[in-house]
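Undergrad: I'd like to go over a predicted model; first the sequence, then the structure.
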Amino acid sequence: MKYPSTLPTAHQQLLTDIIHVFSGDKRVNAIGASGSFASNQMDQYSDLDLVIAIEPSFTDEVMAERFKLVNAVPGYIEGFTGEHVGEPRLIIALYELPQSNPSLVHVDFKFVSLADAAQRVDNTQVIWERSSSLSDIYASTEYAYPQPDCQWIEDRFWIWVHYGAGKIGRGEYFEALEFLSFLRTVVLSPLALQQAGLTPSGVRTIEKRLPAFAAELKQTVAAADRDSLIPAFKACIALYIRLRAKTTARVNSRAQQLAISYFNNELKA
C-alpha cells in the first residue's frame, strides 16, 4: 500500500503499530482508511479514520473484545464508543507519540463485519488485508456520501423557525445559539456544498471550500443576546430561501408566511 503524500510522519508511525497489532489477530480480515487519508488531504491535525473488517463468524466475539485490540497499540491513552454520533461500532481513541509532532493523534476505529464493509461514504483505501476480500468488495461496489434531502428540509424548516423564535422570545439565548449552529450544519452548509458539486459534510472546511458562502454564513453567527440573535436568524431564513430556489422542493408558502410573520411579530423584528 502506497501511503498518501500528505500523511504526517507521526500518523504513519502510529499506523504501522496499529497494523502490527491488528494483523496479529486472525479474526481481523482487513483494515481500510477513509476520510482525509483516502483523499490525500491530511495535516498534523488530522484523525486516522480506520475501518476494521472482521471475519463474519467472529463479529460478535471481536466486538466484545475490541478494546483489548485498541489498547494493545503502543501509546494508547483513552477511548470510548461512538453512540453519541449514532455509531456504536466505533471506538474513538487517543494515542501519545512523545517524540513526534504531533505528540497526540486521534484515531477512529470502525469495526464492521466484512459482509457490511461495502457501505461507505468515501473511497476508502485498503491499507492491509489477509486476503483480497475487502479489495474485491470495494472494487465491486460504489461509495456514496449522504446528500441533503431538500424536501425533508422544507417540510421542517418553518417549524424550526417558529421554534427558534420561541427560544429567543423566552430568553433562552444559549438554546437559540445551539439551534443556529444546527441550521448551519444540517441545512445551510450541506445545501450550499451540494449545489457547488462538493461533498455536503456540514460546515467542515467550508471556509476553504466555499469562502464566499462562508463569509455570508458569518451573518448567522450571534452572541447570546436578543439583539444579536434576531438578525442572525433573519439571515439564516434569507440564506435558506435563496438556496431553496435552486432545489426541486415543493414550497409550503402558507407555513413560510405564517412562520415569518410570527417571528417578526413576536420579536418585533
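TA: Good, I have the coordinates.
Undergrad: which residues in the stretch 101-250 of the chain form strands?
TA: Using DSSP state E, counting those that start in this stretch, the strands found in the stretch 101-250 of the chain span residues 104-113, 125-129.
Undergrad: nearest to Ile206, of those?
TA: Nearest of the strands of the stretch 101-250 of the chain to Ile206, taken as C-beta to C-beta: strand 104-113 at 20.9 Å. In this view, the C-beta of every residue, glycine as well, is placed from N, C-alpha and C.
Undergrad: what does the closest one contact?
TA: The contact list for strand 104-113, computed with C-beta atoms under 8 Å, 6 or more residues apart in numbering, reads 10-11, 14, 18, 47-54, 56, 59, 62-63, 66, 70, 77, 82, 87, 89-97.
Undergrad: pretty sure Leu243 sits against Leu193.
TA: No. In this structure, Leu243 is not within contact of Leu193 by C-beta atoms under 8 Å, at 10.4 Å.
Undergrad: neighbours of the closest residue to Thr247 other than its chain neighbours, how many?
TA: Using C-beta to C-beta, 6 or more residues apart in numbering and skipping residues adjacent in sequence, the residue nearest Thr247 is Cys150, 3.7 Å away. Neighbourhood size, Cys150 [other C-beta atoms under 10 Å]: 20.
Undergrad: what's near enough to touch Cys150?
TA: Neighbouring residues of Cys150 by C-beta under 8 Å, 6+ apart: 191, 244, 247-249.
Undergrad: can you read off the pLDDT for it?
TA: What the model reports as pLDDT for Cys150 is 97.
Undergrad: sorry, back to before: between the strands of the stretch 101-250 of the chain, which one is nearest to Gly166?
TA: When the strands of the stretch 101-250 of the chain are compared by C-beta to C-beta, strand 104-113 sits nearest Gly166, at 36.6 Å.
Undergrad: SS state for Thr6?
TA: Following DSSP: H, G, I helix; E, B strand; the rest coil, we place Thr6 in the coil state.
Undergrad: could I get the phi/psi values of it?
TA: Here is the backbone geometry of Thr6 (degrees, to the nearest 10): phi -90, psi 0.
Undergrad: how far away is it from Phe37?
TA: For Thr6, the distance to Phe37 equals 9 Å [C-beta to C-beta, to the nearest Å].
Undergrad: higher neighbour count, the two?
TA: Here Thr6 and Phe37 are compared on neighbour count by other C-beta under 10 Å; more neighbours surround Phe37, at 25 against 14.
Undergrad: per-residue pLDDT, the more buried one?
TA: You'll see Phe37 listed with a pLDDT of 95.
Undergrad: was I right to think it contacts Leu48?
TA: Yes. Counting by C-beta under 8 Å, Phe37 touches Leu48, with 6.7 Å between them.
Undergrad: which of the contacts of strand 104-113 are buried? Put it as a ChimeraX command.
TA: ChimeraX command restricting these to the buried ones, with burial defined by 16 or more other C-beta atoms under 10 Å:
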select :10,11,14,18,47,48,49,50,51,52,53,54,59,62,66,70,89,90,91,92,93,95,97
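Undergrad: low-confidence regions, this protein specifically.
TA: Across the chain, nothing is flagged by pLDDT under 70.
Undergrad: residue ranges of the helices in it, please?
TA: Ranges of helices in the chain, per DSSP state H, are 9-23, 59-72, 133-140, 150-170, 173-183, 189-195, 206-209, 211-217, 226-244, 253-267.
Undergrad: most tightly surrounded among those helices?
TA: Comparing these by mean neighbour count (mean count of other C-beta atoms under 10 Å), helix 189-195 comes out on top with a mean of 22.
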